[in-house]
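**Student:** based on what follows, work out the 3D shape:
(one chain, ligands or ions: 1)
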Amino acid sequence: MTALDLINCAKKAAENAYSPYSHFKVGAALLCKDGTLYTGCNIENASFGVTCCAERVALFKAVSEKNTGFCEIAIVGGKDGDYTHPCTPCGICRQALSEFCTPDLKVHLCDGENTKTLTLAELLPHSFSL
Ligand code: THU
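**Tutor:** Numbers count the residues shown, from 1 in each chain. Just a heads-up that it's a prediction; the model follows:
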């Protein structure tokens, strides 16, 4: 699966975003080493702190099924589904990913017609772990 394929899966996942408050739709597609794909979208709540980001929805779906070998994640996000600009994961999601993924995890972002790929280490240097 190419980075663009994964981005397209993330775009599809973002269609299910529940974001009546921000109107910001986010989709994530997390590819496991065994080929399994987990997707997620952001799910907001009237009590804002209850909101869960797309990345953590995908990650927790995978972990809850005992799948923890990850190699790549694609993330798209934008107001009213405009994915023109890269949507980088928030700090909480970076930390959540760092619990289960190695620093070389590839993070594919949508950059207009192109994809921009970073590693988790680039996004979260000097990460906290016990
Ligand atoms: N959001 C995500 O889903 N992932 C991120 O990494 C950043 C933010 C969501 C949360 C909220 O529903 C909306 O984007 C606006 O913050």
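
**Student:** what about Leu4, how many neighbours?
**Tutor:** Using other C-beta atoms under 10 Å, Leu4 has 14 neighbouring residues. For glycine as for every other residue, the C-beta is placed from the backbone atoms N, C-alpha and C.

**Student:** that one contacts Glu113, correct?
**Tutor:** No - using C-beta atoms under 8 Å, Leu4 is not in contact with Glu113; the gap is 9.6 Å.

**Student:** just the helices in the chain please.
**Tutor:** 3-14, 54-64, 91-100, 120-123 (DSSP state H).

**Student:** in TSV: those helices, plus mean pLDDT and distance to Asp80.
**Tutor:** Output for the helices of the chain, formatted as TSV (pLDDT from 0 to 100; distance: least, C-beta to C-beta, whole Å):
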stretch	mean pLDDT	distance to Asp80
helix 3-14	97	11
helix 54-64	98	16
helix 91-100	98	21
helix 120-123	98	25
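
**Student:** turn those helices into CSV, including distance to the ligand.
**Tutor:** Formatted as CSV, the helices of the chain follow (distance: least, C-beta to the nearest ligand atom, whole Å):
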stretch, distance to the ligand
helix 3-14, 9
helix 54-64, 4
helix 91-100, 5
helix 120-123, 10
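
**Student:** and the closest residue to Ser98 other than its chain neighbours, how many neighbours does it have?
**Tutor:** Nearest residue to Ser98, sequence neighbours excluded (C-beta to C-beta, 6 or more residues apart in numbering): Ser127, at 4.6 Å. Ser127 has 14 neighbours, counted by other C-beta under 10 Å.

**Student:** wait, what's in contact with Ser127?
**Tutor:** 94-95, 98, 103, 121 (C-beta atoms under 8 Å, 6 or more residues apart in numbering).
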